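Asks: Provide a 3D model corresponding to the input given below.
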Amino acid sequence: MPIEKQHIANNEIEIEIPIHLLANNPSIAIDSTGVKATVGDFKVSEEMVKHLKKAYLAAYAEAPSATDAVVDVELYNVTDGDVVTKVTYSGDSGYKESADIASTLKTLVGKILTGRINVTTASATSGATQVFRSIILRLVLGVA
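Replies: Presented below is the predicted three-dimensional model:
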């Protein structure tokens with residue numbers, strides 16, 4: 001007997017989709033403040049959020065050459081000029097993930113979003129850098 005929709009509870013099946021916003025591995029200068037990279041512009045559509053259960057901004061960075069800088073990896077709303085969410089590197093490295101932003105994304109249909117790397121506190125070390133390996137928007141969809 002085939003499985004039919006009425007046999008499956010709502011959102012019982014989950015599909016996770018990573019949207020890669022950063023396609024290369026830039027070495028970012030962290031010895032001055034400001035937005036150093038803007039990557040992966042996209043428009044939030046009704047279809048994108050229709051079955052959205054969870055959403056997270058995730059990033060992976062290597063160890064910086066100096067540990068006194070603070071760098072935010074942001075999901076930025078270009079349309080309204082607002083930061084949607086961010087993860088912060090304070091002289092550290094590794095994989096980081098934001099809190100769940102699904103409810104916020106659902107309010108942003110029709111808006112243009114992008115990933116940004118923003119140095120908020122500069123390193124005192126001239127020439128300091130940090131390599132960012134990935135910026136990903138993880139969408140978890142519930143279907144049934």
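
Asks: rest of the way, CA atoms for contacts and neighbours
Replies: Fine.

Asks: continuing past the strand or helix carrying K36, what's the next helix or strand?
Replies: Assigned by DSSP states H and E, K36 belongs to strand 34-43. The element immediately downstream of strand 34-43 (helix or strand, assigned by DSSP H and E) is helix 46-49.

Asks: Run through who's touching that following helix.
Replies: Under the contact criterion Cα atoms under 8 Å, 6 or more residues apart in numbering, helix 46-49 has outside partners 105-106, 109-110.

Asks: so how far is the helix or strand following that helix from its chain's centroid?
Replies: The C-terminal neighbour of helix 46-49 among helices and strands, as given by DSSP H and E, is strand 52-61. Average the C-alpha atoms of strand 52-61, do the same for its chain, and the two points are 5 Å apart (Cα atoms, centre = their mean, to the nearest Å).

Asks: Convert strand 52-61 to CSV, retaining C-alpha atoms only.
Replies: C-alpha atoms of strand 52-61 as CSV (Å, rounded to 0.1, in the frame of the first residue of the first chain):
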residue,chain,number,x,y,z
LEU,A,52,9.9,27.0,6.2
LYS,A,53,10.2,25.5,9.7
LYS,A,54,13.7,26.7,10.7
ALA,A,55,16.4,28.9,9.2
TYR,A,56,20.0,29.7,10.3
LEU,A,57,22.9,31.8,9.1
ALA,A,58,26.1,29.8,9.4
ALA,A,59,29.7,30.6,8.7
TYR,A,60,33.1,29.0,8.9
ALA,A,61,36.3,31.0,9.4
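
Asks: That concludes my questions; thank you for your assistance.
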